[in-house]
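[1] Turn this into a structure:
(chains A and B, ligands or ions: 2)
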Amino acid sequence: MDTILSVSHVSKSYGTADHRLKVLDDIHFDILAGDTVAIIGPSGSGKTTLLGLCAGLDRPTEGSIRLNGISLESLDEDQRARVRNQHIGFVFQNFQLLPTLTALENVMVPMELQGLKNIRSHAMDLLSKVGLANRQDHYPVQLSGGEQQRVSIARAFSNQPRILFADEPTGNLDAENSELIERLLFDLNREAGTTLVVVTHNPELAAKTGRIIALKGGKVISDLNTSSEKTSN
Amino acid sequence: MITSSRPSGPSVAWLFKMAWRDSRRNRSRLFLFISSIILGIAALVSVQSLSDSLRSEIERQAAELVGADLVISGNKALNEDLGKLADSLGDRRASQKSFPSMALFLKSGGARLVQVRALEGDYPFYGQLKTIPANAGRSFRDRQEILVDKGLLLQFNGEVGDTVQLGMTTFRIAGMLESAPGQTGLTSAVAPVIFMPMRYLPETGLEQFGSRINHARYIKFDRKTDVAGLVERIEDRIEGAGYELTTIERQQEQTSRSFRDVGRFLSLIGFVALLLGCIGVASAIHVYIREKIGTIAILRCLGATSQQAFLIYLFQILTFGGLGSMVGAMLGSALQFYLPVLLKDILPVSVEARISWQAIGSGLGLGLIISLLFALAPLLSIRRISPLNTLRMDFQSDKGDRLTSLFVYLLMLAFIWGFSFLQIRQALPSLYFTLAVVVSFLILAGFARLLMWTVKRFFPSGWPYVWRQGLANLYRPQNQTLVLLMSIGLGTALFCTVLFIQSILLDRVRLSTTGAQPNIVVFDIQESQRDSIVAISKRQGLNVSGTVPIVTMRLTSVNQIDIDSLRKDTSLPMRPWLFNREYRVTFRDTLLASERIKKGEWTGVWKDQTKAPLISLEEGLAKRNGIKLGDTLTFDVQGAPMATIVGSLRQVEWNRIQTNFLVLFPAGVLEKAPKFHVLVSRVESQEESARYQQAVVKAFPNVSIIDLGLVLDVVSTLLDKIGFVIRFMALYCMATGVVVLIASVLISKYQRMRESVLLRTIGASRRQILAITAIEYLMLGAMAALTGILLAMGGSWILAEQVFDTAFRPQWMPVISVFTGVCLLTVAIGMANSRQVVNRPPLEVLRDAS
Ligand SMILES: Nc1ncnc2c1ncn2[C@@H]1O[C@H](COP(=O)(O)OP(=O)(O)OP(=O)(O)O)[C@@H](O)[C@H]1O
Ligand SMILES: [Mg+2]
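    Ligands and ions are numbered 1, 2, ... in the order given. From the prediction side, this is the model:
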């Protein structure tokens, strides 16, 4: 299988020249297309920072990142936006739905940004897959946290991304809702053949992935392949 | 199924759609933000609409402004040559002699200086003398009757049928004059008119030596005539002889020009109101975009380019800016129907307000430009909002790009200058205007910063909680101190400046109401009447020190340059006015306290009759006309030429009631010339003045009397009529300030809501929350009012010193009321708004604000 994400010798520092804080230090790994990967580690270890870099939301201080064969460093902010739009899906801990758009409109936005037409039925399909077909005209404030996260999953898959990044997707939810979200995430992922990269504190969630990358103090301390267990699931 | 396999990016239409969707939950707020400019746009649209209607009305009614096709006029009777010329022109002719004179209302005994217009012929040929009763305008011409200006008649409780004495004759009042060609409410306040038939003029004895009579010949063409061609042929002959030639076209031009200036002035004030609104827009959009950071970051994350995010909000702002301008333009179009009522005493023609599409169009355009320009800085900052904000809120993207903000500020400056240039049409004054605006804004901003710094630096940590919280609100992040101080402060400043200027102008006239300054002047006293009038004055108990002799003369040449050579050589510094006017000259051997020699030497007595006498000129007159010491001035003293040499230049204090002169002769030159006298004295009360005037006019109906009370009256009526318009505009600016205030307070409401709720949840009482708000807004209101008043004082002081040449003494009563008013208003609006927050259940508020 081909490499979808390649992180080579990436470091990230914040602050001024004389007062630098090295958040990521020489991170190096590849992720194959269709894989499911968990990034775990204690708070402050740099998980979110790493995710942001992989998704092209920020630039590394050193090293380079290739996504779907495209070197992100060579792109400007708007070109990276185009890459996100075409190849990447996002799920966030705090859902990040657009508050002024209905559930259905939120799901349609990534496709609309691509300039696609006749997308309504596709968006409706996705909404019914996450069990919210009857809530299509509701605004985010009218939905519970779990429901919002389901809408955001529908949105993440709507542009048929090659890779999906999720940062603590169940961090704000109770056990029952977490369960539901996890199932949706993995089912949809398998169905669409998408690569899934999920940042989490939750060991159960991590256990469902085929590979677990552990960070500590900005460094990779372990990289375990657990795919044999996963496939039997 | 999904069509289009090749991703092309979203269309512009989609960006519009997204802008519209995104505004869903914010529409009322967005409109509120933009509403700050509604009043400004309305002011500009109404003023421009009115100017448009006025221009076309002046065009339409130009003939009625003049009353004839041609007017030849001058302050001496037409000479034989011109008399013949005038008689040969046109098909119908009329003449008029007009002059100031005392009118004595016999029933009430009231006397006042009026402008008498003695008519012969059917003037006006266009328009009419509108009178009550209606036929009086015709009938008075055949009888010993007069038409009396409405205001004048009301002043003395006169009515039709009463008798008025003019000179040595009495006239029956035939009617009350409501309007006449070229008359406005202003002219009638300054010099109320009495029309009389010319054939009774000799009997009045008012046409005598020394009278200042203006002679006019009105000419009407009944057949089609090329007036412009005719004017070209005869104007040199007429103007060369020192007369003025008026045509309908010229009058129209002149009237349009002066009212265009009024319109531009009003536009400038409207523009200030608009700028005030712009501050509101800028700050509101700033807050709005800050609240949208989350949404923008999500969009960026989902793949919107910075350009697209920018465009979505640009469209939003433009849509609502356009909506606001539309409402403004509509309001302005409605408002202009009210403006003619406001201006009726100033307007020379009757004006029907009409919808002006041009004005509406430019109002809309202006509104769009303004909302774009003043939202541009926050809009541009959208492009720097990083998608990382989705992962980590309040992620600080790189600091605002200084070059861009500098560019935006320069654009704003250019816009302000450009707009004021369009109004003023002169580069330098519009630059001053721009500078004044910018400096005012900077001062207000400086004060706001100072206030925040001071409160923070000297924070009274020992004070009760409510006070500390209220004060802290002034400088905490997301405070409204700057924008409120600017908008309320500038509104106050404008309002107070108008107040101050009005009092400066009145002060200039009022100077001598206390002390022993003279306050009454009797002029046109004939040589033979002098002793008797002095005697009457003394009998009336007045203190008379003597009379001042006056000799009238004309200037024929300055160093061989006369009116003809001036006409040929336009590079000469002299103005034709120099030769056309009549000089009222006095002679004495000493200078007055109000005079100071600035150049040369004053010669009191002229002994050597063989040499040309050394005279003294007023400094300004000499300077404006390029006349220097040693120049030879030749006068025509009632037919006799007299050469003089400029021996000194004098500075004269004009702002006193006394006889001041441009030209002063030494004693020993003019004693034998025909002359009349002026008497200056002081009356202690209005009753004394009335009694004295009556006694003098009864005995000597030809003399004219002006007392300071009358001048004050005239000036305050004038200021009332003009000031009313300006006060209205200033109030208008205040109103805009209040709208900005309300908008800003509402914005801060959204920001403070959670906090108030939190405070209530942890047990603060409603009373405490209201007290916190009251303290915060009291501080803001007081600071803004104070800054505004200080600004106004500074500006007025500069105006007083530089323009009006007088000392500036502010009146404290109005200042205190303005201060209190502004404070109360600010607190009231702040409180009214937080009452809403306080009275709603916390949960509802929390959900609403999320
Ligand atoms: N913009 C920034 N400037 C300075 N330091 C930053 C910035 N962003 C992140 N950091 C620091 O980088 C480190 C890693 O942050 P990051 O959010 O990636 O950790 P995390 O592993 O996601 O933690 P958590 O599990 O709590 O979400 C933290 O110490 C954080 O304070
Ligand atoms: Mg994190």
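
[2] what residues does chain A put near ligand 1?
    Residues of chain A found near ligand 1 (Cβ under 6 Å from any ligand atom) are A:14, A:21, A:23, A:41, A:43-49. Yep, even glycine has a C-beta here, placed from its N, CA and C like the rest.

[3] Among those, which pair sits farthest apart?
    Taking Cβ to Cβ, the two most distant members of the residues of chain A next to ligand 1 are A:Tyr14 and A:Gly41; they sit 17.6 Å apart.

[4] so where's the stretch 351-500 of chain B uncertain?
    Residue ranges of the stretch 351-500 of chain B with pLDDT under 70: B:393-400, B:478.

[5] Go again with 50.
    Scanning the stretch 351-500 of chain B for pLDDT under 50 picks out B:397-398.

[6] Which positions in it make contact with chain A?
    Within the stretch 351-500 of chain B, the positions lying close to chain A (Cβ under 8 Å from any Cβ of the partner chain) are B:386-388, B:390-392.

[7] Kindly recompute the last result at 7 Å.
    B:387-388, B:390-392 (Cβ under 7 Å from any Cβ of the partner chain).

[8] Could you pull up the residues touching B:Leu314?
    By Cβ atoms under 7 Å, 6 or more residues apart in numbering or on different chains, the contact set of B:Leu314 is B:Leu379.

[9] repeat for B:Pro814
    Here B:Pro814 is in contact with B:Leu499 (Cβ under 7 Å, 6+ apart).

[10] In a strand, it, correct?
    No. Under DSSP: H, G, I helix; E, B strand; the rest coil, B:Pro814 sits outside any strand and is assigned helix.

[11] Check the gap between it and B:Pro348 for me.
    Per Cβ to Cβ, to the nearest Å, B:Pro814 is found 32 Å from B:Pro348.

[12] B:Ala427 too?
    To B:Pro348, B:Ala427 is 30 Å away according to Cβ to Cβ.

[13] and if you look at B:Leu629?
    From B:Leu629 over to B:Pro348 the distance is 44 Å, taken as Cβ to Cβ.

[14] Flag the shaky bits of the chain, pLDDT-wise.
    Answering for chain A, as no chain was given. For chain A, the ranges with pLDDT under 50 are A:229-233.

[15] other chain: chain B
    Low-confidence segments of chain B (pLDDT under 50): B:1-6, B:397-398, B:512, B:848-850.

[16] Next up, the contacts around B:Gln128.
    Applying Cβ under 7 Å, 6+ apart to B:Gln128 gives the contacts B:Gly137.

[17] a helix runs through it, doesn't it?
    No. Under three-state DSSP, B:Gln128 falls outside any helix and is assigned coil.

[18] ok so, going back, neighbour count winner among B:Ala427 and B:Pro348?
    Per other Cβ atoms under 10 Å in any protein chain shown, whichever of B:Ala427 and B:Pro348 has more neighbours is B:Pro348, with 23 against 9.

[19] Pick out the residue closest to the middle of chain A.
    Using Cα atoms, centre = their mean, the residue of chain A that lies closest to the mean C-alpha position is A:Phe165, 1.1 Å off.

[20] now check the one helix or strand it maps to, is it near chain B?
    Using DSSP states H and E, A:Phe165 maps to strand A:163-167. Yes. Residues of strand A:163-167 contacting chain B under Cβ under 7 Å from any Cβ: A:Asp167.

[21] Can you name the element that comes right after the helix of greatest length in chain A?
    Counting residues, the longest helix in chain A under DSSP state H turns out to be helix A:175-192. Note on helix A:175-192: by DSSP H and E, the next helix or strand toward the C-terminus is strand A:195-199.

[22] How about that next one and chain B, any contact?
    No. Strand A:195-199 lies apart from chain B when judged by Cβ under 7 Å from any Cβ; the minimum separation is 9.7 Å.

[23] Just give me the neighbour total for the residue in chain A that chain B sits nearest to.
    Residue nearest to chain B within chain A: A:Asn85 (2.2 Å; Cβ to the nearest Cβ). By the measure other Cβ under 10 Å, the count of residues near A:Asn85 is 25.

[24] Show me what the strand holding A:Phe165 is packed up against.
    Counting by 3 or more Cβ pairs under 7 Å, 6 or more residues apart in numbering or on different chains; DSSP states H and E, the packing neighbours recorded for strand A:163-167 are helix A:47-54, strand A:88-91, strand A:195-199.

[25] Let's see that with 8 Å instead.
    Applying 3 or more Cβ pairs under 8 Å, 6 or more residues apart in numbering or on different chains; DSSP states H and E, one finds that strand A:163-167 contacts helix A:47-54, strand A:88-91, helix A:145-158, strand A:195-199.

[26] follow-up on the earlier one: with neighbour numbers in mind, choose between A:Tyr14 and A:Gly41.
    Comparing A:Tyr14 with A:Gly41 by neighbour count (other Cβ under 10 Å), the higher total belongs to A:Gly41, at 22 against 11.

[27] Pretty sure that one sits against A:Lys219.
    No. The criterion here is Cβ atoms under 8 Å, and A:Gly41 misses it with A:Lys219 at 9.6 Å.

[28] residues contacting B:Ile645?
    Shown in contact with B:Ile645 (Cβ atoms under 8 Å, 6 or more residues apart in numbering or on different chains): B:612-615, B:630-633.

[29] could you redo the last one with a cut-off of 10 Å?
    The neighbours of B:Ile645, taking Cβ atoms under 10 Å, 6 or more residues apart in numbering or on different chains as the test, are B:611-615, B:629-633.

[30] Among these, the buried ones, what's the PyMOL command?
    A single PyMOL command is used to select the members of these judged buried by 16 or more other Cβ atoms under 10 Å in any protein chain shown:
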select buried, chain B and resi 612+613+614+615+631+633
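
[31] which residues in chain A form strands?
    Ranges of strands in chain A, per DSSP state E, are A:3-16, A:19-32, A:36-40, A:62-67, A:70-71, A:88-91, A:163-167, A:195-199, A:211-216, A:219-225.

[32] Show me what the fifth one is packed against.
    Counting by 3 or more Cβ pairs under 10 Å, 6 or more residues apart in numbering or on different chains; DSSP states H and E, the packing neighbours recorded for strand A:70-71 are helix A:77-87.

[33] Pull the distance from the host helix or strand of B:Ala42 to the chain's centre.
    Using DSSP H and E, B:Ala42 maps to helix B:38-66. Here the centre of helix B:38-66 is set off from its chain's centre by 16 Å, with Cα atoms, centre = their mean, to the nearest Å.

[34] so what does it touch, helix or strand wise?
    If you count contacts as 3+ Cβ pairs under 10 Å, 6+ apart, helix B:38-66 packs onto strand B:244-247, helix B:248-291, helix B:306-335, helix B:339-343, helix B:357-382, helix B:402-424, helix B:708-761.

[35] what angle do that helix and helix B:306-335 make?
    Between helix B:38-66 and helix B:306-335, the angle comes out at 40 degrees (axes from the mean of the first three to the mean of the last three Cα atoms, to 10 degrees).

[36] what comes up buried for helix B:38-66?
    Buried residues in helix B:38-66, counted by 16+ other Cβ under 10 Å: B:38-55, B:57-58, B:61-66.

[37] rewinding a little: got the angle for the longest helix of chain A vs strand A:36-40?
    Orientation of helix A:175-192 against strand A:36-40 (the same axes, to 10 degrees) gives an angle of 140 degrees.

[38] How about helix A:175-192 and chain B, touching?
    No. Remark: helix A:175-192 sits outside contact range of chain B, by Cβ under 10 Å from any Cβ of the partner chain, the gap being at least 14.1 Å.

[39] packing partners for that helix?
    Judged by 3+ Cβ pairs under 10 Å, 6+ apart, helix A:175-192 is in contact with strand A:36-40, strand A:88-91, helix A:120-129, helix A:145-158, strand A:163-167, strand A:195-199, helix A:203-207.

[40] Buried residues, that helix. List them.
    Applying 16+ other Cβ under 10 Å to helix A:175-192 flags A:177-178, A:180-182, A:184-186, A:188-189, A:192 as buried.
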